[in-house]
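S.K.: fold the following, please.
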Amino acid sequence: MKPRSPRLAARAVILHQDRLLIVNAWPAHTSDLWCAPGGGVHAGQSLPENLAREVHEECGLTVEVGAPCLVNEFHDPASGFHQVDIYFRCTIRGAIPDRWTDPEGIVTERRFVTQAELAGLRHKPDSPAAAAWGEGILYDPLEVIVR
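M.R.: I've put the predicted structure just below:
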């Protein structure tokens, strides 16, 4: 198998009223795995521009993108897929819509959770709580993809 270049993605760490925004990005909620909103970057746009677009598409939110807080990477040894996620602290600007629909149908649910609630949910990567409620920039080492 020929090695492939890693996919680059930008993700948002959004705290609102001390609750972290997480999303379920599985059609018909077929998995209980939660993650931060965001997605693959488009060439020719900065990481913050890509992230602001992704968050708006997936969650209907307008955000101001701040500093990076986490780098995470995962891979699928069987297919050769490898992704590097760069997480940025973001601030919501404007209203939070009660209803929204992801135009691409990727995100099926969004919710704001406390740190204690997050601990009780299956989520990836392992360190969003440390990134959201902590300080500095963290690195979550390469791990095998979880579905």
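
S.K.: neighbours of Gln17, how many?
M.R.: Using other C-beta atoms under 10 Å, the number of residues around Gln17 comes to 6. The C-beta positions use only the backbone N, C-alpha and C, and glycine is treated the same way.

S.K.: ah, wrong one, I meant Ala25
M.R.: One way to gauge burial is a neighbour count; for Ala25, by other C-beta under 10 Å, it gives 23.

S.K.: and it, what does it touch?
M.R.: Contact criterion C-beta atoms under 8 Å, 6 or more residues apart in numbering gives Cys35, Glu58, Ile106, Val107, Thr108 as the residues in contact with Ala25.

S.K.: center of this structure, which residue is that?
M.R.: Using C-alpha atoms, centre = their mean, the residue of the chain that lies closest to the mean C-alpha position is Ala36, 2.7 Å off.

S.K.: measure that residue to Gly105 for me?
M.R.: With the distance defined as C-beta to C-beta, to the nearest Å, Ala36 ends up 19 Å from Gly105.

S.K.: check Asp140 too.
M.R.: Counting by C-beta to C-beta, the gap from Asp140 to Gly105 is 28 Å.

S.K.: neighbour count: those two, which is higher?
M.R.: Higher neighbour count among Asp140 and Gly105: Asp140, with 19 against 10, using other C-beta under 10 Å.

S.K.: bridge partners for that one, pull those for me.
M.R.: As for beta bridges, Asp140 partners with Asn72 under DSSP bridges.

S.K.: that one reaches Val84, doesn't it?
M.R.: No: applying C-beta atoms under 8 Å, one finds Asp140 not in contact with Val84, separated by 10.6 Å.

S.K.: what is in contact with those two at once?
M.R.: Common neighbours of Asp140 and Val84, counting by C-beta under 8 Å, 6+ apart, are Val71, Asn72, Glu73.

S.K.: neighbour-wise, give me the winner out of the residues you listed.
M.R.: For those, neighbours were counted using other C-beta under 10 Å, and Asn72 has the most, 25 neighbours in all.

S.K.: residue ranges with poor pLDDT in this protein?
M.R.: Counting by pLDDT under 70, the chain has low-confidence residues at 1-3, 27-29.

S.K.: pull the residues that contact the single longest helix found in it.
M.R.: Of all segments of type helix in the chain, defined using DSSP state H, the longest is helix 47-59. Counting by C-beta under 8 Å, 6+ apart, the neighbours of helix 47-59 from elsewhere in the structure are 10-12, 14, 21, 23, 25, 37-42, 45, 61-63, 65, 86, 88, 90, 100, 102-104, 106-107, 110.
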